[in-house]
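Q: just need the structure, nothing else, for what follows:
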Amino acid sequence: MRFKDRVVIVTGGSKGIGEGCARVFCREGGLVSILSRGPDAGTQLAAELNSRGPGQAIFIPCDVSRHLQLQAAIEYTVEHFGRLDCIINNAGQHPPAMTIDETTVEFMEDLMRVNYISTFAGARYAVPHLRKTRGTIVNISSMTAVLGQEHSTAYCATKGAQVSLTRSLAIELGREGIRVNAILPSNIDTPLMRDWASTLPDPASALERVSSMQVLGRMGTIAEMGEVALFLASDDSSFITGQAIEAEGGASLDY
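A: Residues are numbered from 1 along each chain as shown. Below is the predicted model:
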């Protein structure tokens, strides 16, 4: 019960890493606000979490690329639960591989809006409430922020921006007791990962290849990413701020 009666917002919280965070926080007694565009998955997950407890969950439809929708969702969460202790800026998009020549400026602008501007806006609109609780911000970035990835220049740039934001905000907000950290996952077994594999001639072989990139010989799970987020949001990490935690199963050790 490491988050009992405390409130967390999870953007992109209905699937993938966001779902893992929602499940872990609810298991630990948290009051979870799930934000995502997909109403079916979000509604179903909230209902399941409420049936299991011991925490509670609500679902709020939200397109994080529209910052006023995100602001409204944050305000509704505070009105509903009465406080805010953490925001996990998880929602994002990984586009298909494309070269710099194939990446238009307009596409880059749109991707920045989804992956980075939403992280900035989530923090911006959450901070007034986090000041009252001396809460936390957890940004879900990617190992590509520090390693790069071929034909993913646009995506890597947005993820790197999240890390820079994390470090700068940690300095600015630390004096007010707000801690800001980022998680940099490597390959995680998510529906998005399996959807990608299904587009290839041999999906099973592709997933095996991705799994072998980690020295542990497997992909990470959404629950494991949720546990890292819980650590960073809870008092267990009370002296940690401004860090980019590489939750990558050793994938970078023999890079």
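Q: would you check that residue 135 makes contact with residue 129?
A: Yes: shown here, residue 135 and residue 129 form a contact pair, counting by Cβ atoms under 8 Å, at 7.5 Å. Backbone N, C-alpha and C define where each C-beta goes, glycine included.
Q: hmm, who's touching the host helix or strand of residue 171?
A: Using DSSP states H and E, residue 171 falls within helix 153-174. Contact with helix 153-174 is made by 89, 92, 94-95, 98, 100, 103, 107-108, 111-112, 114-116, 119-120, 123, 127, 130, 137, 139-142, 144-146, 148-149, 179-182, 184, 241-244, as judged by Cβ atoms under 8 Å, 6 or more residues apart in numbering.
Q: beyond that helix, next helix or strand please.
A: Next along the chain from helix 153-174, counting by DSSP H and E, comes strand 179-185.
Q: mind giving me the packing neighbours of that following strand?
A: Applying 3 or more Cβ pairs under 8 Å, 6 or more residues apart in numbering; DSSP states H and E, one finds that strand 179-185 contacts strand 136-140, helix 153-174, helix 222-233, strand 244-247.
Q: the residue nearest the centre of the chain and residue 46, how far apart?
A: Residue closest to the average C-alpha location in the chain (Cα atoms, centre = their mean): residue 90, at 2.1 Å. As for residue 90, its distance to residue 46 is 16 Å (criterion: Cβ to Cβ, to the nearest Å).
Q: the residue nearest to the centre of the chain: what's it in contact with?
A: 10, 11, 12, 13, 16, 17, 18, 21, 140.
Q: switch to 6 Å and redo it
A: Contacts for residue 90 were tallied using Cβ atoms under 6 Å, 6 or more residues apart in numbering; they are 10, 11, 12, 17, 18, 140.
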